[in-house]
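>>> The sequence and its predicted three-dimensional model are supplied below.
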Amino acid sequence: MNITGKPNGSTHEAPKLQLVNAAEAPQDAVSLEDRAGLKAEPPEFRYTSPVDAPDRYSTQSLDRAAKAHLARFTLGVSPYGLASTVFTWAVHLMGSPGKQAQLIEKAARKMSRLAIYSANSIHNSGCEPCIEPLPHDHRFDDPGWQTWPYNLIYQSFLLNQQFWYNATNDIDGLTRREEQVASFVSRQVLDMFAPANFPMTNPEVVRETVQQGGQNLTRGYHNFIEDWERAISGKLPVGAEDYLPGRNVAVTQGRVVLRTHLIELIQYAPKTAKVHAEPILIVPAWIMKYYILDLSPHNSFVNYLVEQGFTVFIISWRNPTAEDRDLGMVDYLNAVGEALDAVTTIVPRKKVHAIGYCIGGTLLTAKAAQLARDGDDRLASVTLLATQTDFEDAGELQLYVSESEVSFLENMMWDQGYLETKQMAGAFQLLRSNDLIWSQYIHEYLMGRRQKMFDLMAWNADATRMPYKMHSEYLRHIFLNNELAKGLYEVNDAPVMLGDIAVPIFCVSTTSDHVAPWRSVFKLHLMVDTDITFVLTNGGHNAGIVSEPDHVGRHYRIRTSMGRDRYVSPEEWQTEAEQRTGSWWPALSAWLVERSSAEIAPPPMGRKNGRYAATDPAPGTYVFQR
């Protein structure tokens, strides 16, 4: 732990006190005596400290160290911002006697409904319940919940859950975000004490325990110990060893054609005799390993594009360490520029189809806007997958991203030099705690059943870190202040405007995305004047993108808006968009083909020698960094 205020590896010296002439002292210089409330030195002399000192006060370092330690226990979630909002909610509720009376009336009604249901269910086990779970809540699907006394237990829980939703919403004086935060906190507390989480109040667990003589609990205990040991030792979850990059996943053949401190650029080998002249450059999110887009051969997005006759390049991001704490957003933007330079050198005189995924897509839009601003026309098109460019309504994730949360994370990253993967995952798990926390707890620890590992789950566990400076800049400038959408985000000391992007855009969003809600993604229509082909597919943030043509149950809507067309709302777009069955991948392939020139012989794998010479085989080396 560093509590001196001096960053790890920094060459800054501690602040030195200097005795200077008052005539030469800066106007804002403040003496140490003035700060302490003591009598100052004679006017001609005063103490001052260097303005560029990294941390002037040891007390500030103490605050940072304390919050950094606390963050390790809260998985990076600031308790201060949440507690402040809950306190604000409580004060406003106390000052609203009408709301209190309404809640008392609602509570009395719910108690009456539960009492009537309790009486009816004694004589008729199939009587209609007084409340139904929400469509996405599958905790009470088992028939055992319809038998006494479990029917009364889960009905009481659902009524209580509904009451607290009413208690945290429609409070006079609260903003909508404050209401959402208060409702979120109450939901997390209730979910923690849900009857499904306890062996004696879960009929499935009771039934399994009786039938197996308690063996399910024994297996669950062993599962818990195994998971705990793997977690503290930094190992991947059970079964993830069956999906290793280069062996089971990320097996599309290719070569590394550029390696810098921050990226490896992989060029994939052609699989067709002729290829489309314009190559593809993919910019994945740096928050996870790139092979989400190159999973198993049957569901590899990269492999699919190669089979369709495209020359594909993809960026593999370095997994940063504490030594990379000073890497900023400009370094990541420059890395995309270096990759583009490599692609246009290996495939000369051809424009590039650029594809960005998640926050990699956000980075790509900023880079595309910079290229347009600077008169660089090397892009043929831009494709964005589950990408937000406007963060004003960024879904439930914005419940965390406040000044309190960003400051809390900065203190933690200041101490470590980076944001650890587990600290980042904690916030995402809470957004879907029923699916990602309590469901696993019930099935693996109470029922004793191991969930079978698959490629997407194994990839999700293979996360990366993020440098202190870059993640702080991203959260403050892009997410919190929404500068990219407002035209205030600066690249190379000048702002970039998304409206400058003139190339056509193919934008894909998913219906169940809790990270990049589709209505937020749809706001891209308000920021650019170019042609946009917007696709809304079923699925979540990751599963909706990994949507191979043979995937069962896939469907999507698609509609192209020309730059001169009038704006339509998301709801109007849904009614007018064409609905199709199957994967959206063929639609993207056809769209790219329409914007490509004649087919040519495949370009060489890198250059014969020099900076872009082909070296290591795919998936490279950065993907193995832990």
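Cool, got the structure.

>>> now the helices: where do they sit in the stretch 51-200 of the chain?
58-74, 79-94, 97-123, 150-167, 176-192 (DSSP state H, counting those that start in this stretch).

>>> Out of those helices, which is the most enclosed?
Highest mean neighbour count of the helices of the stretch 51-200 of the chain: helix 150-167, a mean of 18 (counted as mean count of other CB atoms under 10 Å). To be clear about C-beta, it is placed using only N, CA and C from the backbone, and glycine gets the same treatment.

>>> And the contacts of stretch 609-618?
246, 250, 252-259, 266-268, 342, 345-346, 605-607 (CB atoms under 8 Å, 6 or more residues apart in numbering).

>>> Restricted to strands, list those.
Gly254, Arg255, Val256, Val257, Leu258, Arg259, Ile266, Gln267, Tyr268 (DSSP state E).

>>> mean pLDDT for the helices of the stretch 51-200 of the chain: which is lowest?
Of all these, mean pLDDT reaches its minimum on helix 58-74 (a mean of 77).

>>> which other helices and strands contact that helix?
Contacts defined by 3 or more CB pairs under 8 Å, 6 or more residues apart in numbering; DSSP states H and E place helix 58-74 against helix 403-416, helix 421-431.

>>> starting at the chain centroid, how far to it?
24 Å (CA atoms, centre = their mean, to the nearest Å).

>>> Only C-alpha atoms, please: export that helix in CSV.
Written as CSV, here are the backbone C-alpha positions of helix 58-74 (Å, rounded to 0.1, in the frame of the first residue of the first chain):
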residue,chain,number,x,y,z
SER,A,58,-0.9,13.3,3.8
THR,A,59,-4.5,13.5,5.0
GLN,A,60,-5.7,13.1,1.4
SER,A,61,-3.4,10.1,1.0
LEU,A,62,-4.9,8.6,4.1
ASP,A,63,-8.4,9.1,2.7
ARG,A,64,-7.4,7.5,-0.6
ALA,A,65,-5.8,4.5,1.2
ALA,A,66,-8.8,4.0,3.4
LYS,A,67,-11.2,4.0,0.5
ALA,A,68,-8.9,1.8,-1.6
HIS,A,69,-9.0,-0.8,1.2
LEU,A,70,-12.7,-0.5,1.6
ALA,A,71,-13.2,-1.0,-2.2
ARG,A,72,-11.6,-4.4,-2.0
PHE,A,73,-14.5,-5.6,0.2
THR,A,74,-17.2,-3.9,-1.8
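
>>> okay, which residue is most central for this protein?
Val515 (5.5 Å; CA atoms, centre = their mean).

>>> I figured that one was touching Tyr400, is that so?
No: counting by CB atoms under 8 Å, Val515 sits too far from Tyr400 to count as a contact (11.7 Å).

>>> List the contacts of Ser156.
Leu114.

>>> Could you report the separation of it from Leu190?
12 Å (CB to CB, to the nearest Å).

>>> that older thread, ok, of the helices and strands packed on helix 58-74, where does mean pLDDT dip lowest?
helix 421-431 (a mean of 64).

>>> Please name the nearest non-neighbouring residue to Cys358.
Ala285 (3.8 Å; CB to CB, 6 or more residues apart in numbering).

>>> For that neighbour, give me the pLDDT.
On the pLDDT scale, Ala285 gets 94.

>>> one step back: let me know the pLDDT of the residue nearest to the centre of the chain.
85.

>>> what does the one 3 residues further on give?
Model confidence at Trp518, given as pLDDT, is 94.

>>> what's the neighbour count on it?
Applying other CB atoms under 10 Å, we find 23 residues neighbouring Trp518.

>>> and the closest residue to it other than its chain neighbours, how many neighbours does it have?
In space, and not counting its chain neighbours, Trp518 is closest to Ser509: 3.8 Å by CB to CB, 6+ apart. Using other CB under 10 Å, Ser509 has 27 neighbouring residues.

>>> For Ser509, give me phi and psi.
phi -130, psi 170 (degrees, to the nearest 10).

>>> hmm, back to that, for the residue nearest to the centre of the chain, give me its contacts.
Cys358, Ala386, Gly395, Leu397, Phe428, His541.

>>> In terms of helix, strand or coil, where does it fall?
Judged by DSSP: H, G, I helix; E, B strand; the rest coil, the three-state class of Val515 is coil.

>>> Return the distance of it relative to Leu385.
12 Å.

>>> so what's in contact with those two at the same time?
With CB under 8 Å, 6+ apart as the test, Val515 and Leu385 both reach Cys358.

>>> related to what we said a few turns ago, Val496 is nearest to which of the helices of the stretch 51-200 of the chain?
helix 176-192 (27.4 Å; CB to CB).

>>> Any stretches of this protein with poor pLDDT?
Where the chain drops to pLDDT under 70, the residues are 1-57, 75, 422-433, 436.

>>> about what we covered before: overlap in contacts of Val515 and Tyr400?
With CB under 8 Å, 6+ apart, Val515 and Tyr400 have no common neighbours.

>>> Gly95 - nearest residue in space that isn't next to it in sequence?
Gly173 (7.5 Å).

>>> Revised request: answer the last question for Phe522.
Pro570 (4.8 Å).

>>> and stretch 370-383, how far apart are its ends?
End-to-end distance of stretch 370-383 (CA to CA, to the nearest Å): 16 Å.

>>> got a markdown table for the helices of the stretch 51-200 of the chain, with distance to Asn334 too?
Converted to a markdown table, the helices of the stretch 51-200 of the chain look like this (distance: least, CB to CB, whole Å):
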| stretch | distance to Asn334 |
| --- | --- |
| helix 58-74 | 29 |
| helix 79-94 | 33 |
| helix 97-123 | 53 |
| helix 150-167 | 47 |
| helix 176-192 | 34 |
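
>>> So which of the ones you listed is nearest Asn216?
Nearest of the helices of the stretch 51-200 of the chain (CB to CB): helix 150-167, 17.8 Å.

>>> quick revisit: contact partners for the residue nearest to Trp518?
With contact taken as CB under 8 Å, 6+ apart, Ser509 is in contact with Ala386, Ala516, Trp518, Val521, Phe522, Phe534, Val535, Leu536, Thr537.

>>> switch the cut-off to 10 Å
The contact partners of Ser509, taken as CB atoms under 10 Å, 6 or more residues apart in numbering, are 384-388, 516-522, 524, 534-537, 541, 544-545, 556, 570.

>>> do Ala354 as well
279-283, 336, 339-340, 343, 361, 364-365, 367-368, 371, 378-384, 503.

>>> Report the buried members of those residues.
279-283, 336, 339-340, 343, 361, 364-365, 367-368, 371, 379-384, 503 (16 or more other CB atoms under 10 Å).

>>> Restricted to helices, list those residues.
With DSSP state H as the criterion, helices contain Val336, Ala339, Leu340, Val343, Gly361, Leu364, Thr365, Lys367, Ala368, Leu371 from among the buried ones among the contacts of Ala354.

>>> Distance to Gln162 for the residues you listed - can I get that in TSV?
Listed next are those as TSV, based on distance: CB to CB, whole Å:
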residue	distance to Gln162
Val336	47
Ala339	51
Leu340	52
Val343	54
Gly361	38
Leu364	43
Thr365	40
Lys367	46
Ala368	46
Leu371	51
